[in-house]
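**Student:** Everything below, folded, please.
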Amino acid sequence: MPCSGPTSVHPSDRCAAERRAAGERRRGGAAGVHPEFTGGGWDEDVSRIRLVIAVGTAVGVAVAVFRLALTQQAALARRRIGKPLGERSLDADRVWRPRLEGEPLQLVLLGDSLAAGLGAEHRKETLGGRLAKATARRLQRPVRLRTLAVVGSESPDLPAQLAALEPDCRPDVAVIVVGGNDVTHRLPVALSAQHLQETIRRLRARGAEVVVGTCPDLGALRAVPQPLRRIASSLSRRLADVQAETARHAGAEPVDLRRAVGPMFFDEPEAMFSLDRFHPSALGYRRTAEALLPAVCRAAEAAVSSRRPQEPR
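**Tutor:** Take a look at the predicted model:
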């Protein structure tokens with residue numbers, strides 16, 4: 001088919017020129033680059049790619065530096081706190097107010113060092129001792145305390161604590177206080193909730209009424225430097241919210257310790273903390289027991305009522 005063009009150019013020359021132009025278009029032009037990527041558009045794309053790489057590198061470096069700083073602050077906090085109280089709490093297990101009439105109410109405590117009473121100087125000052133004594137006074141009947149809580153425990157340790165209870169033992173009331181070590185050891189919140197729910201379920205199956213003291217606000221720990229303290233505060237609040245929701249769904253009564261006693265630990269750290277500035281003092285345990293006591297008494301009354309023989313009609 002003849003090629004069109006000016007009559008002054010030989011037809012074979014015009015066809016050869018058009019074939020060369022078509023070939024250059026197929027190959028991306030004389031420079032080997034598609035027309036879309038010639039000029040300023042290609043330069044702008046390269047600049048954007050370089051910017052993304054630079055930003056990504058900067059963010060990665062910042063995250064690495066931040067993590068390193070938090071690790072160093074955690075090590076500093078551990079050195080500041082130390083273990084001046086040791087790792088063994090006082091043994092407060094006994095029958096409290098034994099001279100009162102009636103069969104002793106069975107009170108069980110599970111959880112970490114707060115539930116175990118580490119930092120108290122006398123057994124009557126531990127969380128369990130204060131709760132048992134005050135509950136006996138309110139109900140006018142003896143209370144037998146059994147402390148299953150272990151210093152340093154996390155939520156995954158709750159099943160093992162409960163397993164230490166004799167199979168035929170039927171506690172009337174169980175109090176669980178746990179969560180601080182979950183935060184400091186960075187346990188997933190879902191894992192903590194799972195073990196808490198399972199422990200409540202098993203206690204309820206034994207006939208116990210359950211009270212859960214939620215994780216305290218770790219932002220009150222002055223020995224922990226910033227910004228680690230703010231992060232610990234945020235994580236402990238999140239865990240406390242999940243614990244409260246888990247407890248309610250599992251049939252337990254939660255007590256928000258952050259709201260109930262947190263402001264006291266923030267405002268009076270010298271009086272509320274023991275010498276390690278991490279565990280409560282005698283006053284700290286007193287305020288914590290006062291916050292838990294109404295729920296414990298309600299649970300005790302419900303347990304006693306449910307086990308009282310019904311009179312024949």
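**Student:** from here on, contacts and neighbour counts on C-alpha atoms
**Tutor:** Noted.
**Student:** neighbouring contacts of stretch 252-263?
**Tutor:** Contacts to stretch 252-263, defined as CA atoms under 8 Å, 6 or more residues apart in numbering, come from residues 200, 209-217, 220, 237, 240, 243-244, 247-248, 287-288, 291-292, 295.
**Student:** Buried among those residues? Need that as a selection in ChimeraX.
**Tutor:** Per 16 or more other CA atoms under 10 Å, the buried members of the contacts of stretch 252-263 correspond to this ChimeraX selection:
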select :200,209,210,211,212,213,214,215,216,217,220,237,240,243,244,247,287,288,291,292,295
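**Student:** correct me, but P171 touches P104?
**Tutor:** No. With contact defined as CA atoms under 8 Å, P171 does not count as touching P104 (10.6 Å).
**Student:** before we move on, the earlier item: can you tell me which of the contacts of stretch 252-263 are in strands?
**Tutor:** Per DSSP state E, strands hold the following members of those: E209, V210, V211, V212, G213.
**Student:** Can you lay out those as TSV showing distance to R186?
**Tutor:** Shown next, in TSV, are the ones in strands among the contacts of stretch 252-263 (distance: CA to CA, whole Å):
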residue	distance to R186
E209	29
V210	26
V211	24
V212	21
G213	19
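**Student:** Put together CSV for those residues, with pLDDT and distance to A92 on each row.
**Tutor:** Formatted as CSV, the ones in strands among the contacts of stretch 252-263 follow (pLDDT from 0 to 100; distance: CA to CA, whole Å):
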residue, pLDDT, distance to A92
E209, 98, 21
V210, 98, 20
V211, 98, 19
V212, 98, 20
G213, 98, 19
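**Student:** who has more neighbours, P171 and P104?
**Tutor:** For P171 versus P104, neighbours defined as other CA atoms under 10 Å are more numerous around P171 (22 against 18).
**Student:** Could you measure from the more buried one over to D217?
**Tutor:** Using CA to CA, to the nearest Å, P171 is found at 29 Å from D217.
**Student:** who's in contact with T288?
**Tutor:** Each residue near T288 by CA under 8 Å, 6+ apart is listed here: L127, L257, A260, V261.
**Student:** tell me the two of these that are most distant?
**Tutor:** L127 and A260 (15.1 Å; CA to CA).
**Student:** Between the two, which is the more surrounded one?
**Tutor:** Between L127 and A260, counted using other CA under 10 Å, L127 has the larger neighbour count: 29 against 15.
**Student:** which ones are touching L118?
**Tutor:** Taking CA under 8 Å, 6+ apart as the test, what L118 contacts is L85, E87, R88, S89, L90, T126, V151, H279, P280.
**Student:** Let's see that with 6 Å instead.
**Tutor:** S89 (CA atoms under 6 Å, 6 or more residues apart in numbering).
**Student:** Which per-residue confidence value corresponds to it?
**Tutor:** Per-residue pLDDT puts L118 at 92.
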